[in-house]
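>>> all I have is the shape, not the residue letters:
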């Protein structure tokens, strides 16, 4: 017999249940009016397109974000749009740090009716702090499910995780695959908005949910360097359907500039554009959309960057968890390093005295850990560029430290998009084929848990994603493709394949084939040291014999300043560089000499380096007098009087990982010391034999034809310190043997002899590597940049034009290659 109070309680519960069922019926009616129908039974035989609303059916039929189902690509193991099978981790026990961080019990077997198309789930899982109360769970637990799916109680979150992981719970239609309890948790009509979004596996990882088979993570890169366009953020944020938005700002040159900035003020040393231009205008929408942000904008002062970002969030009235990864700064170890016998990795020089900065290239694991802790934004100092992409992938998919192939694939995804628009048509060899530079699309990678990924760009943007644009970026700033050293993995990119996928707005490619090996026990470190001062004068010169006038002007300025130096007791310049832009000085012996006295317009480039600032200031003041006392036609000084700046040269060395302490901060508070596991590392040197000319290359048919390299290949060049690399990719596989036969290391050393600086006679400065996966070659040119970065006095200190210069290389005595592919 029920008491009065118990009867009242039952009546109240029944009223709540009746009200909810009434509300739910109305919701289902509205959803069906929008195009939903009941969930099909197994024997119905209807397709996804018949079940889903018209505006989502096409996207689900494609399985990715494509407007139509692409054809199966060549060169990869599986069709690009198909949900990939879940990666098998084997029978090995997971390390403690890799296990899911949720101790909630797993539910038993769950059954649900099948639905074809891409698997989605719903954001029902919450951290323990936001779970419904027991009383609420008791109320909703007895509500009957619409279909035989797990009833929702206190363990509904892990139960649905398990169902999703098994592929049992499809995404749509949401009413047909969820219980009343699940609908109540999602608050009715909000369900429609959630179902249309890509899955947020990254959020669920932090509460112990493993991503299901076929889950994909979408990452967009909005910056390739400090000073990139502000147009990238809104383009990716509103059109990219992103899980993560990343920004890469740092290079060796940028670190030198930020070091100088912090020397002026302790609150500087980070890239302010990230805070004021990239984040401040969009921080509310970033928070609303749940997009998580990772950036190395912290430079040499990441805590100051995070503090500035916190002020922006406070003014916008948004609650964001901002994490900082610190520990890359080794300046506190400067004195210990001086006596450790450290030498430069490239030159072999001893550790310098005038050290200004010492920064470790950290890896992706600390970023992943910060995301595990719930960070919405992660700010780092110096880390490897690809780490800002690999970190979110490790966090999302739970890749272990010995999943080397997966880590290499994630690193490749980061390597391809870290420079922003450079992989979507920027600086492409066939620049004339790339539309709408003013609205060039920035890259997006959609990565699977198996490591394969699709690279594309937002719809309705300019640029181009093709085999050529992406292959060029693959070889950018690359050394040995079989041993690309990173903190988390040693990568082998030599067999990577890139396959174009039809049906994507602006193009898309599938990338696969990266392999990995254990990483080293050492970090790479970039130190900068003061090595004097520099200034550069840039002066346009017009009229007949402009080149000769420019050269004589430069020589006269140097002669005058040297006379002044001798009277004041200063030493001579440490280095000078005279170039006349427009006369093809940089081409050396390959320059095309014009008749009739050469061009009538030219630009004088005069750069000097001296140990004393005062001497360089004298040089700076003696440029303007040339406008009245030297050659006619000198029209001005670009940028005004040359600015005197310090020369901060790079110094690279290796440092034990065990000696580096990485600290994680969250909203300004230190939360933990990141403990790296060095079990899965190795310093064993793996030898790779350089390829030799095979007999089949010697037997290649010859002919009377000559081609410029541009007719047969794409090229791209980049820099690392004082070395440059030039990648060459065949436009067709049939051209590749002829490129291998003709473009030897010695051939390129002869071609660029005028730019190479030999420290020893007969020293070979060019090394060639092969990338048969993309039918490519990679050449590394040592001592080719005049010091590189801010230390170089050349007009091209980063070797950006070397690949373009090589396009005129002659491929001689070959048959009619064009006819072979027609």
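Alright, I've got the coordinates. No experiment lies behind these values; they were computed from the predicted model shown. Numbering: from 1, shown residues only.
>>> so where's the stretch 551-700 of the chain shaky on pLDDT?
Counting by pLDDT under 70, the stretch 551-700 of the chain has low-confidence residues at 594-596, 685-696.
>>> sketch out the low-pLDDT regions of the chain for me.
1-214, 594-596, 685-696.
>>> repeat that for 80
Along the chain, the model assigns pLDDT under 80 to residues 1-215, 593-597, 684-698, 822.
>>> with adjacent residues omitted, what lies nearest to the residue sitting nearest the centre point of it?
Using C-alpha atoms, centre = their mean, the residue of the chain that lies closest to the mean C-alpha position is residue 418, 2.3 Å off. Distances taken as C-beta to C-beta, 6 or more residues apart in numbering put residue 385 closest to residue 418, at 4.1 Å, once the chain neighbours are dropped. All C-beta spots, glycine's among them, are computed from the backbone N, C-alpha and C.
>>> the one you found - that's part of a helix, no?
No - under DSSP: H, G, I helix; E, B strand; the rest coil, residue 385 falls outside any helix and is assigned coil.
>>> that one contacts residue 416, doesn't it?
No - in this structure, residue 385 is not within contact of residue 416 by C-beta atoms under 8 Å, at 10.7 Å.
>>> of those two, who's got more company?
Neighbour count, other C-beta atoms under 10 Å: between residue 385 and residue 416, residue 416 has more, with 27 against 23.
>>> following the strand or helix carrying the more buried one, which helix or strand comes up?
Assigned by DSSP states H and E, residue 416 belongs to helix 404-417. Using DSSP H and E, the helix or strand that follows helix 404-417 in sequence is strand 444-448.
>>> give me the buried positions along the longest strand seen in the chain.
As assigned by DSSP state E, the longest strand anywhere in the chain is strand 522-542. Residues 522-541 are the ones in strand 522-542 that count as buried (16 or more other C-beta atoms under 10 Å).
>>> quick one: distance of that strand to the chain centre.
Relative to its chain's centre, strand 522-542 lies at 25 Å (C-alpha atoms, centre = their mean, to the nearest Å).
>>> what's that strand packed up against?
helix 252-264, strand 355-360, helix 546-568, strand 601-610, helix 613-621, strand 645-656 (3 or more C-beta pairs under 8 Å, 6 or more residues apart in numbering; DSSP states H and E).
>>> could you rerun that using 6 Å?
strand 355-360, strand 601-610, helix 613-621, strand 645-656 (3 or more C-beta pairs under 6 Å, 6 or more residues apart in numbering; DSSP states H and E).
>>> and residue 308, which of those is closest to it?
With C-beta to C-beta as the criterion, residue 308 lies closest to strand 355-360 of those, at 20.0 Å.
>>> okay but residue 709 is in contact with residue 807, surely?
Yes - contact criterion C-beta atoms under 6 Å: residue 709 and residue 807 qualify, at 5.3 Å.
>>> quick check: bridge partners of residue 777?
residue 728, residue 770 (DSSP bridges).
>>> so how many other residues sit close to it?
27.
>>> from residue 218, how far out is it?
From residue 777 across to residue 218, the span is 33 Å (C-beta to C-beta, to the nearest Å).
>>> mind listing the strands in the stretch 601-750 of the chain by residue range?
Using DSSP state E, counting those that start in this stretch, the strands of the stretch 601-750 of the chain run over 601-610, 645-656, 662-666, 669-674, 705-708, 713-720, 723-730.
>>> how big is the angle separating the third one from strand 669-674?
The one in question is strand 662-666. Strand 662-666 runs at 150 degrees relative to strand 669-674, counting by axes from the mean of the first three to the mean of the last three C-alpha atoms, to 10 degrees.
>>> elements contacting strand 662-666?
Using 3+ C-beta pairs under 6 Å, 6+ apart, the elements in contact with strand 662-666 are strand 322-326, strand 669-674.
>>> contacting residues around the last one?
It refers to strand 669-674. 366, 369, 662, 663, 664 (C-beta atoms under 6 Å, 6 or more residues apart in numbering).
>>> who wins for neighbours among those?
When neighbours are counted by other C-beta under 10 Å, residue 366 leads the contacts of strand 669-674 with 26 neighbours.
>>> who's in contact with the residue nearest to the centre of the chain?
Contacts of residue 418 by C-beta under 6 Å, 6+ apart are 248, 385, 386.
>>> quick check, nearest of the residues you listed to residue 786?
residue 385 (23.8 Å).
>>> quickly note the distance from the closest one to residue 370.
In terms of C-beta to C-beta, residue 385 sits 17 Å off from residue 370.
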